[in-house]
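> need a 3D model of the following:
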Amino acid sequence: VTEFNIKGEKVYLSPILDLYNQEIISYTITDRPQVSMVMEMLKVAFKRLRGCSQPQPVLHSDQGWQYQMGIYQQALKVQGLSQSMSRKGNCLDNAVMENWFGIMKTEFFYQKKFSDVQSFKTELKDYIHYYNHDRIKEKLKGLSPVQYRTQSLVLT
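Got it, this is the predicted structure:
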């Protein structure tokens, strides 16, 4: 979860990033950092993971309070996902997600002034769509995350 301040109002983003292709597969944007925010994010992710060929996907996070809640841990267990958490105070364990937050804030957040929270949320959704579908990555052979995933599906 990362926090933004838009004209004195806080906004929270809770994303899930797929390590295979760096795609944001699920996210929620809310005005309050409640456990319902990560539960909604999980619901969307579970739908996306149906039919996943990975024997037992692993969901990694930092040690944020939301990820330590029994309801969150039970939801992962019911869906057959393993939970992995960073060591306390060690951001390097969650480096890929922290790096994505840095990229997103540099390319999107720090470059703009937002008139209000609603316009910020709309533009953040647009940025995530751009990141997934259009922003190419050298690590992905010059493809966007979605292009890389769909190319892999065609080849198999």
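
> where do the helices sit along this protein?
Applying DSSP state H to the chain gives helices spanning 35-49, 70-78, 95-104, 117-133, 145-155.

> which residues does residue 35 contact?
Applying C-beta atoms under 8 Å, 6 or more residues apart in numbering, we find residue 35 in contact with 66, 69, 71, 72. In this view, the C-beta of every residue, glycine as well, is placed from N, C-alpha and C.

> mind redoing it with 10 Å?
65, 66, 67, 68, 69, 70, 71, 72 (C-beta atoms under 10 Å, 6 or more residues apart in numbering).

> report the buried members of those.
For the contacts of residue 35, a neighbour count by 16 or more other C-beta atoms under 10 Å gives the buried set as 66, 67, 72.

> still on that earlier bit, identify whichever of the helices of the chain lies nearest to residue 12.
helix 35-49 (6.4 Å; C-beta to C-beta).

> list the buried residues for the closest one?
Neighbour-count burial for helix 35-49 [16+ other C-beta under 10 Å]: 37, 38, 39, 40, 41, 42, 45, 46, 49.

> surely residue 143 is in contact with residue 136?
Yes: Residue 143 lies in contact with residue 136 (C-beta atoms under 10 Å); the separation is 6.1 Å.

> now the residue nearest to residue 73 when sequence neighbours are not counted: how far from residue 77?
Distances taken as C-beta to C-beta, 6 or more residues apart in numbering place residue 83 nearest to residue 73, at 6.1 Å, with adjacent residues excluded. Plainly put, residue 83 is 8 Å away from residue 77 if you go by C-beta to C-beta, to the nearest Å.

> could you list every helix and strand in contact with the longest strand seen in the chain?
In terms of residue count, the longest strand belonging to the chain (DSSP state E) is strand 9-17. Strand 9-17 sits against strand 2-6, strand 24-30, helix 35-49, strand 58-61, helix 95-104, helix 117-133, with contacts defined as 3 or more C-beta pairs under 10 Å, 6 or more residues apart in numbering; DSSP states H and E.

> hey, which of the ones you listed is tucked in deepest?
The highest average neighbour count among the helices and strands packed on strand 9-17, using mean count of other C-beta atoms under 10 Å, belongs to strand 24-30 at a mean of 19.
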